[in-house]
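Q: What follows is a protein structure lacking sequence information:
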């Protein structure tokens, strides 16, 4: 994002596309045709199983940074 620090949501609360890095962790925009920017590591556990994963965000000028028409809310 634009230099701001945001706390990532828990990994177990992310929809599949955001968990897998196919969509922006913040706005849900598809990252299929752009070079995603690493957003950090979303952490979470289900019992003894570590469900933590690396998540991605929109590059500058796209998605939550540029309000692309390809955003699918709730992804």
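A: Great, that's in hand. Note that the structure is a prediction, hence the values are computed from the model and not measured.
Q: would you list every one of the helices in this protein?
A: Assigned by DSSP state H, the helices in the chain fall at 16-19.
Q: Point out where it drops to low pLDDT.
A: Along the chain, segments meeting pLDDT under 70 span 1-4, 65-75.
Q: And for it, the residue most distant from the center?
A: Distance from the C-alpha centroid of the chain, by CA atoms, centre = their mean, peaks at residue 48 (24.0 Å).
Q: which residue is nearest the middle of this structure?
A: Geometric middle of the chain (CA atoms, centre = their mean) lands on residue 25, at 1.6 Å.
Q: Contacts only, for that residue.
A: 8-9, 14, 18, 39, 42, 55-57 (CB atoms under 8 Å, 6 or more residues apart in numbering). (C-beta placed from N, C-alpha, C; glycine too.)
Q: Strands along this structure, start to end?
A: Using DSSP state E, the strands of the chain run over residues 37-42, 45-46, 49-50, 53-57.
Q: so how far is residue 10 from the nearest residue in space to residue 13 that is not next to it in sequence?
A: Leaving aside its sequence neighbours, residue 13 sits nearest to residue 44 (CB to CB, 6 or more residues apart in numbering; 7.4 Å). From residue 44 across to residue 10, the span is 4 Å (CB to CB, to the nearest Å).
Q: higher neighbour count, the two?
A: residue 44 (17 against 13; other CB atoms under 10 Å).
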